[in-house]
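> structure, please.
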Amino acid sequence: MSIRLSSANTAGQPGGYEAPPGVARAIDLQVPMPLAIANLKLDSSSPLPIHQQISQGIRTAVWSQQLSPGALLPTIKDLAQHLGVARNTIALAYVHLVDEGLCVSNTRRGTRVALDNPSLCPEEGRLETSGPSAATFSAAFNARHALETRVNRVSGGVPFALFASDPVLYPRTKLGRRLADKFMRAPMAFLSRGETSRNVHFQKSIAAYLRNTRGISCDPDQVVAVSGLESALNLIARVLLDPGDCVAVEDPTMDVVHSAFSLARAQMYPLPGDSQGANPSRMKGPPARLICVSPSVGFPFGAQMSESRRLELLAMARAQNAIVFECDSCGELRYAGGRMKSLYGLDTDERVIHYGGFFETLGGFVNVGYLVVPRSLRDVFYEFGCRAVTSPPAPLLDAIAEFIEENEYSTHTRAVRGVYARRLDLVKRVCKDMLPGVVISEPLGGLHVVLQFDEDFDELAVSEAATAENLPVRSLSQYYQQKHWRRGVVLGFGAVSNQSIPALVKRLSQLTDEAKRTAFVPVARISG
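Numbers count the residues shown, from 1 in each chain. Here you go, the predicted model:
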């Protein structure tokens, strides 16, 4: 019910509305009240008494859901002043509503709409709800496609969750202190530096860090801050890809990569990998606009691309005039293998975009990453990043920059790398004991391991059964584009404590045995 205040009454005239028609006085309302009551319309010429008009207006607002269950009604004094009527009139209206069970009254909590209204049945004055049904709209193609190709996202506290790190290893004291200091500062301290999406302090610290650790020589303004890998992929797809463009994607790879390029309506072609990472000589399809690889730590097998193959990949990109996206999300969690220059560091004609992040090393609540883009693309990446991607907050970027500059980040990564390397050894040892006959991958880095079974293994059944028990292992096949010949599951070990690993692997072994028994139920022979 549309409710509007347009009438006034002479205070002191209890129980009725005595002001002559057309006489109104403006009331400067200071006390906030629900809009449905603030706009209440009273009619002095109506045969219905004023207190019944008020109760009916509130009743209609409740029935039409303008007042939600539990909504607080104005005090008798405030509503009487607002409507220009006597307090007894408001009190009488509230009494009727409470008697009906539509409202409840409490001396300390005031009068509220009842949480369970027994009187929501048609009565005199109730708004009818039999009108036209609500309009329905279909989402755009990209939105519908995103629902159909969901990316598996699991909170970090769940055992075997992929990419999740151990929250116990978060640098609470050193980084936490810096974050608290930055967020306690006045916002103008950051805004005064200029546009917050270009955090010069963060850009300089990342550029210096990459020069020392990855062999990347770049200007600070080539560094673009993003909110994690998914944000980086979406930004790259928006800036570089038109519908129908060819993208060569390392196979297998993360489902978030498939999702981002599929949403951009690109044509994806597999770039098969082996023990040395993606193999350019096995690439099929037309010339690529973009080549997507993870040379430091591949997913899910944790392979490292050799330097000779990196040079071969750059030569192929040069021949096809393609841009290379180098995903280095787990570069700090490399447990074996020599330190090599990144693809960006080996590139001589600026066709590589490098991605790095802090999700795996600092935890999921520090979902900060960065792109290093070619000089020819930095302006468009910056401009489109402002429009299409949510950048991390400036205080967070400032705290991470200091954390890196004081060498605290390097110390932290060395410590967590040792913890995860020992945990990986424990996972492999327990899996060998409890899952006989299973081939276990030997990743050179990362927070995940692959368990490969024989051809008759029902990976989907095991994955679904484990996920139902809050053990989100993933089927290996979902990360492939092309047909593969080994079946298995991928599990993360970052968020699993050492003490719980044996029990969790034992339960996974039981689920695997149950799936095998179900798959080989003997079928009775039918005689004709």
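> buried stuff in stretch 221-231?
Neighbour-count burial for stretch 221-231, counted by 16 or more other Cβ atoms under 10 Å, picks out 221, 222, 223, 224, 225, 226, 227, 228, 229, 230, 231. The way it works is simple: take the backbone N, C-alpha and C, and place the C-beta from them, glycine included.
> return the distance of that stretch from the chain's centre.
15 Å (Cα atoms, centre = their mean, to the nearest Å).
> one more: stretch 460-480?
Stretch 460-480 sits 20 Å away from the centroid of its parent chain (Cα atoms, centre = their mean).
> can you list the buried residues in it?
For stretch 460-480, burial by neighbour count (16+ other Cβ under 10 Å) applies to 461-463, 465-467, 471-477, 479.
> for the record, mean pLDDT for it?
The average pLDDT within stretch 460-480 is 87.
> ditto for stretch 52-71
90.
> buried stuff in that stretch?
Neighbour counts over stretch 52-71 (16+ other Cβ under 10 Å) mark 52-63, 66-67, 71 as buried.
> from these, which is closest to residue 107?
Taking Cβ to Cβ as the measure, residue 107 lies nearest residue 71 of those, at 18.3 Å.
> just checking, the closest one touches residue 37?
No. The criterion here is Cβ atoms under 8 Å, and residue 71 misses it with residue 37 at 9.4 Å.
> below-threshold pLDDT in this protein: ranges please.
Flagging of the chain using pLDDT under 70 yields the residue ranges 1-31, 117-143, 145-150, 152-157, 186-198, 388-390, 484-485, 517-528.
> can you give me the strands in the stretch 351-500 of the chain?
352-357, 369-372, 439-440, 448-453, 474-475, 487-492 (DSSP state E, counting those that start in this stretch).
> no wait, the chain
Counting by DSSP state E, the chain has these strands, from start to end: 103-106, 110-113, 223-226, 246-251, 267-274, 277-278, 290-293, 323-327, 352-357, 369-372, 439-440, 448-453, 474-475, 487-492.
> I'd like to know which elements the first one is packed against.
For strand 103-106, the contact count by 3 or more Cβ pairs under 8 Å, 6 or more residues apart in numbering; DSSP states H and E identifies helix 87-99, strand 110-113 as packing neighbours.
> just put the ones you listed in a markdown table and tack on mean neighbour count and distance to residue 312.
Shown next, in a markdown table, are the helices and strands packed on strand 103-106 (neighbours: other Cβ atoms under 10 Å; distance: least, Cβ to Cβ, whole Å):
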| stretch | mean neighbour count | distance to residue 312 |
| --- | --- | --- |
| helix 87-99 | 18 | 79 |
| strand 110-113 | 18 | 71 |
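> and the ones you listed as TSV, adding distance to residue 503?
Listed next are the helices and strands packed on strand 103-106 as TSV, based on distance: least, Cβ to Cβ, whole Å:
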stretch	distance to residue 503
helix 87-99	56
strand 110-113	49
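> which one of the ones you listed lies nearest to residue 372?
Nearest to residue 372 among those is strand 110-113; the distance by Cβ to Cβ comes to 56.4 Å.
> list the helices and strands the closest one packs on?
helix 87-99, strand 103-106.
> closest to residue 391 out of those?
Per Cβ to Cβ, nearest to residue 391 of those: strand 103-106, 47.1 Å.
> got the buried residues for the closest one?
For strand 103-106, a neighbour-count test (16+ other Cβ under 10 Å) marks 103, 104 as buried.
> give me the neighbour count for residue 303.
Residue 303 has 26 neighbours, counted by other Cβ atoms under 10 Å.
> excluding its backbone neighbours, what's nearest it?
Once flanking residues are discounted, residue 303 sits nearest to residue 277: 4.9 Å by Cβ to Cβ, 6 or more residues apart in numbering.
> got it, and residue 241?
Nearest to residue 241 is residue 264, by Cβ to Cβ, 6+ apart, at 4.5 Å.
> the one you found reaches residue 239, doesn't it?
No. Taking contacts as Cβ under 8 Å, residue 264 lies outside contact range of residue 239: 10.2 Å.
> of the two, which one has the most company?
Remark: of residue 264 and residue 239, residue 264 carries more neighbours, 22 against 16, as counted by other Cβ under 10 Å.
> tell me the contacts of that one?
Applying Cβ atoms under 8 Å, 6 or more residues apart in numbering, we find residue 264 in contact with 237, 238, 241, 243, 245.
> for residue 419, see how far away the third one is.
The reference is to residue 241. Separation of residue 241 from residue 419 (Cβ to Cβ, to the nearest Å): 38 Å.
> of these two, which one has the most company?
Comparing residue 241 with residue 419 by neighbour count (other Cβ under 10 Å), the higher total belongs to residue 241, at 21 against 14.
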